[in-house]
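Asker: Prediction below, plus the sequence it came from.
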Amino acid sequence: AAAAAAAMSGIRARALYSFESENPEEISIKEDEELLLFHQTSQDGWLEGTNSRGHRGLFPASYVEIVSGGPCSPPGPISTPTPTPGPDPDPDDDDDDWDDWDDASTVADEPDLCASSNGLYPGYPGPRHRPSMAERQDSTAGRPSGRSGAVGKSFNRFSSFVRSGGEAFILGEVPAALRPSETYGVTMGPEGPQWSDNPRPFRCTIEEPTKQTKFKGIKTYISYKLTPSLTNAPVYRRYKHFDWLHNRLLHKFPVVSVPHLPEKQATGRFEDDFIEKRRRRLILWMEHMTSHPVLSQYTGFQHFLTCSDDRAWKQGKRRSERDELVGANSFLTIHTPSEHQDLQRVEERVDLFKAFSKRLDDSVLQLSNVAAELCRKHAGGFRKEFQKLGNAFSSISQAFEMDQPHLAVSLNRAISITGRTYEAIGELFAQQPKNDLFHMLDMLSLYQGLLSNFPDIIHVQKGAFAKVKDSQRMSEEGKMDQEQVDGIKQRCRVVGFALQAEMNHFHKRRIIDFKHMMQSYLQQQILFYQRISQHLEQTLHLYDTL
């Protein structure tokens, strides 16, 4: 019936990327799979439809493209309802809708003190802000436009090289009079180019996610308490504030792998399990933000962490949105060292990193799937098997009690307690993922997002190299003077230094994070099996006195 209803809509789509469902309302889709949509308009970034197997549910709108529309809907991009100003009277309105900004409530109200709930949750969906990492075409269609002395622009105006502003910067199309008010340095370290350290390093805690209401209880949202060590003064932020900041960072730093925020969820946004999962993942996100030498110095980020006044918040928000040093102009803020870098050597190093990051992305996805499946087994299969074993032991004890002439009270009691011990072990298995596997999956989710950024970042560098080669060819043909060629090389050098600095920062954080992840997992596993061993030893001693 669902497939028939979708077929009647006449809207067909194709999956651009694979998506694995992890909530009952969602369905899995595979890359290049044909889909039938119920509506062409997305709701909060989600579409409803059926896959080729006839399953009906939700999937991210950004993962699909329209192939053919219904009678009144020609093929084209998926549309999203235009937000209207003012409060939304719908009590189920998504509090995460960052672009429906209410300036009267940009700084979250300070909540009343109340306890937040922690608990288990069944699913761990991967990052949904962007598709998972995929190979992009690295070639850039830079060809001479026929105008003497100028390298032609790329034909693909939607490539990351163009959208990031990298092409405009390489071709020298940034305003000559623009003087950057901020700089981010690159220095030469033992492993090559690296970002200059933040002269004022800091940390920030995230605590007390608390449910709040506005418009007399019509709209509900979650407020998070942030306390940066810069001021040690708490501020309160909603998820939409994090989302606004994330979007500013994406516009501001085209060659930085900005960590993804925890994913949105179509349903269950206010359930304790989801709130706790989001809090943990926001903590990881914040750790990566504060440890990044560039992102941590961004004035918009500092404003986000320290401003507690409504009026000042609005002024700082608008100042960030009017920032001219974004896109192509953002490359003007990067200060590079004087050391010579062979462009061919840089390209080889980038190619090695590309192959490494693709392999790591595949491995992270593999481990994430295995860990998620293990979580389900802990809560389901393992728990049930130990409960069954415990019930079987209890049944033996009950059978023994029926033989009153030969009743062995101590033995019966020991066997009965053995049954309860194995039932308790089953509960330990069910609870264990929150101590180890959940934290592992949090880290893997973060790295899935970080790795998915690099194809676009690398594409910027590849496009820059292509322009250098075009300029060299034009110089050999006498169509461009050496001064222009040198300018393109110099600007390509800036992109190359920045990308290598970002690669080295990623390696540095990767070593720290995966060491901590593995140590924490093994430590928790040891404690887990020690608890099981203690239960079994205590039960075994009951038989020593028989």
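Answerer: Happy to help now that I have it. Numbers count the residues shown, from 1 in each chain.

Asker: residues in contact with Gly496?
Answerer: By C-beta atoms under 8 Å, 6 or more residues apart in numbering, the residues touching Gly496 are Gln341, Leu343, Val346, Val350, Gln461, Ala464. In short, each C-beta sits where N, CA and C put it, glycine included.

Asker: at 6 Å instead, please
Answerer: By C-beta atoms under 6 Å, 6 or more residues apart in numbering, the residues touching Gly496 are Val346.

Asker: now Ile27
Answerer: Each residue near Ile27 by C-beta under 6 Å, 6+ apart is listed here: Ser21, Asn51, His55, Gly57.

Asker: Poorly predicted segments of this structure, please.
Answerer: 1-9, 22, 44, 69-160, 176-177 (pLDDT under 70).

Asker: returning to that earlier point: got a winner among the contacts of Ile27 for most neighbours?
Answerer: Top of the contacts of Ile27 by neighbour number is Asn51, holding 22 neighbours under the definition other C-beta atoms under 10 Å.

Asker: residue ranges of the strands in the chain, please?
Answerer: 11-15, 34-37, 46-50, 56-60, 64-68, 184-189, 192-195, 204-214, 219-228, 235-238, 334-335 (DSSP state E).

Asker: Export the first one to CSV, keeping only CA atoms.
Answerer: Extracted in CSV, the C-alpha atoms of strand 11-15 (Å, rounded to 0.1, in the frame of the first residue of the first chain):
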residue,chain,number,x,y,z
ILE,A,11,8.0,11.6,-7.8
ARG,A,12,11.0,9.4,-8.4
ALA,A,13,14.4,10.0,-6.9
ARG,A,14,17.9,8.5,-7.0
ALA,A,15,20.1,7.9,-3.9
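
Asker: quick one: strands adjacent to that strand?
Answerer: Strand 11-15 sits in its sheet next to strand 34-37 (antiparallel), strand 64-68 (antiparallel), going by DSSP bridges.

Asker: pull the longest helix from this protein.
Answerer: Using DSSP state H, we find that the single longest helix of the chain is helix 482-544.

Asker: Kindly indicate which of the contacts of Ile27 lies nearest Lys354.
Answerer: Of all the contacts of Ile27, Ser21 has the smallest distance to Lys354: 29.9 Å, by C-beta to C-beta.

Asker: Tell me, how many residues neighbour Glu347?
Answerer: Count around Glu347 with other C-beta under 10 Å applied: 16.

Asker: That one: what's it in contact with?
Answerer: For Glu347, the contact set (C-beta under 6 Å, 6+ apart) comprises Phe465.

Asker: That one and Gly165, how far apart?
Answerer: Per C-beta to C-beta, to the nearest Å, Glu347 is found 21 Å from Gly165.

Asker: Leu178 now?
Answerer: On the measure of C-beta to C-beta, Leu178 and Gly165 end up 13 Å apart.

Asker: Looking at those two now, which is surrounded by more residues?
Answerer: Neighbour count, other C-beta under 10 Å: between Leu178 and Gly165, Gly165 has more, with 20 against 12.

Asker: And the more buried one, its phi and psi?
Answerer: Dihedral pair for Gly165: phi 90, psi 0, per degrees, to the nearest 10.

Asker: quick one: contacts for it?
Answerer: Gly327, Ala328.

Asker: quick one: Ser229 and Arg203 touch, right?
Answerer: Yes: the pair Ser229 / Arg203 is scored as a contact, 5.0 Å apart, by C-beta atoms under 6 Å.

Asker: What's the local residue count around the closest residue in space to Phe382 that isn't next to it in sequence?
Answerer: Ranked by C-beta to C-beta, 6 or more residues apart in numbering and with sequence neighbours excluded, the top spatial neighbour of Phe382 is Phe429, at 4.2 Å. When neighbours are defined as other C-beta under 10 Å, Phe429 has 21 of them.

Asker: could you check the distance from Phe429 over to His55?
Answerer: From Phe429 over to His55 the distance is 30 Å, taken as C-beta to C-beta.

Asker: same check, this time on Arg509
Answerer: For Arg509 relative to His55 (C-beta to C-beta), the value is 38 Å.

Asker: With Val364 instead?
Answerer: For Val364, the distance to His55 (C-beta to C-beta) stands at 27 Å.

Asker: Gly381 now?
Answerer: Here the criterion is C-beta to C-beta. By it, Gly381 lies 24 Å from His55.

Asker: do Asn453 as well
Answerer: As for Asn453, its distance to His55 is 31 Å (criterion: C-beta to C-beta).

Asker: now the helices for this protein?
Answerer: Under DSSP H, the chain gives helices at 2-9, 160-163, 166-170, 239-252, 272-291, 299-306, 310-321, 343-377, 383-401, 409-431, 437-476, 482-544.

Asker: Please identify the deepest-packed of these.
Answerer: The highest mean neighbour count among these, using mean count of other C-beta atoms under 10 Å, belongs to helix 166-170: a mean of 25.

Asker: picking up where we left off before, how about the contacts of Ile27, which pair is most distant?
Answerer: Across these, no pair lies farther apart than Ser21 and Asn51, at 9.7 Å, counting by C-beta to C-beta.

Asker: Go ahead and name everything in contact with stretch 363-379.
Answerer: Tyr124, Phe429, Ala430, Gln432, Pro433, Leu437, Met440, Leu441, Leu444, Tyr447, Gln448.

Asker: oh, I was asking about stretch 292-308
Answerer: Counting by C-beta under 6 Å, 6+ apart, 184, 195, 197-198, 204, 228, 231, 235, 245, 248, 256, 289-290, 313, 316, 320 sit against stretch 292-308.

Asker: how about 7 Å then?
Answerer: 107, 182, 184, 195-198, 204, 226, 228, 230-231, 233, 235, 241, 245, 248-249, 252-253, 256, 258, 289-290, 313, 316, 320, 505 (C-beta atoms under 7 Å, 6 or more residues apart in numbering).

Asker: if we can go back for a sec, relative to the whole chain's centre, how far out is the longest helix of the chain?
Answerer: Put simply, helix 482-544 sits 16 Å off its chain's centre (C-alpha atoms, centre = their mean, to the nearest Å).

Asker: Stretch 367-382 now?
Answerer: How far stretch 367-382 lies from its chain's middle: 21 Å, per C-alpha atoms, centre = their mean.
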